[in-house]
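Novice: Sequence first, then the predicted structure, then my questions.
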Amino acid sequence: MNFIGLIGRYTIIMLESIGRVVIFTFNSIRLIFSWPFYFRQFFNSLIDIGFFSIPVIGMTAIFTGAVLVLQSYTGFSRFSAENSIPTVVVLSITRELGPVLAGLMVTGRVGSSIAAEIATMRVTEQIDALFTLAVNPMKYLVIPRVIASVIVLPLLVLIADILGIMGGYIVATEKLGFNKALYLSNTMTYLKSEDVVSGLIKAGIFGFIIAISGCYNGYNSNKGAAGVGVATINAVVMSSVLILLFNYITTQILFVK
C-alpha cells in the first residue's frame, strides 16, 4: 500500500506540474496580443538568442554534415549506392538534424541563460519590484523572449541547413572524391521546398518551447542560489525532452499521411 501511495503521490505532483506549465503557456499566449509591448527587451532578446548563437550553430551544423557524409559513405558503399549520399544528407539535415540539433544547442546556450536570469530576478525580488512599478512581469520578461525565440530559431535553422550541406559537400568532394557538379546536381534534384519548410516549422515550435521552458522555470524558481541552479537544470531538461517529443509529433503530422 505504501508503494501504491508513493506512485499516486508522484502522479499527482506530475499532473500538477503539467497543469502549471499549461496555465503559464496559456497566459503567455494571451498576453502576446495585448499592449504594451517592450520593444527594447524584444530587440535585446533577438540579438542574444539569434546573433550570439550563430557561431555554435554553425560549428555544430558543419561537423554534423561532415560526419553524416562519412557515415553514409561507409554504409552505402557496401551496396554500391554512393550516388544516393547527397540526397540522404540534404534530407536528413533539412528535415531532422538541422532543426533538432539547432534547438538543442540553443536550449543549452539560451534556455539556461533565460532561466538563470529570471530566477536571479526572482531571488533578488526584482520581479516584485516590477509589480510595484505597475509593470506586468510576464509582459516585460516573458513575452519579448518568446516572440524573439519564435522568430529567430527558423533563421538559425536555415543557417544550419546551409552550413550542414556545405560541410557534407566539402568532405564528399575533397576527401571522398565525389564529382562536385554531380554532387550538387543530386542535392538539388531531390530537395523539395516542403523539406525546408517542414524544418522551419519545427524550428518555430522549438523556439516557443525553449523560451517558455526557460521563462517558466526561472519565473517559478525557489529562493536562494540553489533555486537558481535547479531552475536552470529543469529548463534545459524540460526543453530537450519537449523538443524531442514535439519533433516526433510534428514529423507524424507533416510526413505521415
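Specialist: Looks like it came in fine. These numbers were taken from a predicted model, which means no experiment stands behind them.
Novice: Who are the contact partners of N222?
Specialist: By CB atoms under 8 Å, 6 or more residues apart in numbering, the contact list for N222 reads V230, A231. No exception for glycine: its C-beta is placed from N, CA and C like everyone else's.
Novice: Compute the distance between it and Y10, please.
Specialist: Using CB to CB, to the nearest Å, N222 is found at 19 Å from Y10.
Novice: for G19, same thing?
Specialist: To Y10, G19 is 15 Å away according to CB to CB.
Novice: Same question for A203.
Specialist: Taking CB to CB, one finds A203 at 34 Å from Y10.
Novice: Between these two, point out the one with more neighbours.
Specialist: A203 (27 against 10; other CB atoms under 10 Å).
Novice: Please verify my assumption that that one contacts P99.
Specialist: Yes: contact criterion CB atoms under 8 Å: A203 and P99 qualify, at 4.9 Å.
Novice: any residues in contact with both of those two?
Specialist: Listed contacts common to A203 and P99 are V157; contacts here mean CB under 8 Å, 6+ apart.
Novice: secondary structure element for Y10?
Specialist: helix 2-32 (DSSP states H and E).
Novice: Give the buried residues for the next helix or strand after that helix.
Specialist: Next helix or strand after helix 2-32 toward the C-terminus (DSSP H and E): helix 39-49. For helix 39-49, the neighbour count (16 or more other CB atoms under 10 Å) marks Q41, F42, S45, L46, D48, I49 as buried.
Novice: any idea of the mean pLDDT in helix 39-49?
Specialist: Averaging pLDDT along helix 39-49 gives 87.
Novice: Can I get that helix in PDB, CA atoms only?
Specialist: In PDB, the C-alpha atoms belonging to helix 39-49 read as follows (Å, rounded to 0.1, in the frame of the first residue of the first chain):
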ATOM      1  CA  PHE A  39      10.500  46.800 -27.900                       C
ATOM      2  CA  ARG A  40      13.800  47.300 -26.200                       C
ATOM      3  CA  GLN A  41      13.600  43.900 -24.400                       C
ATOM      4  CA  PHE A  42      12.500  42.300 -27.700                       C
ATOM      5  CA  PHE A  43      15.400  43.600 -29.700                       C
ATOM      6  CA  ASN A  44      17.900  42.700 -26.900                       C
ATOM      7  CA  SER A  45      16.400  39.200 -27.000                       C
ATOM      8  CA  LEU A  46      16.800  39.000 -30.800                       C
ATOM      9  CA  ILE A  47      20.500  39.800 -30.500                       C
ATOM     10  CA  ASP A  48      21.100  37.500 -27.600                       C
ATOM     11  CA  ILE A  49      19.200  34.500 -28.900                       C
END
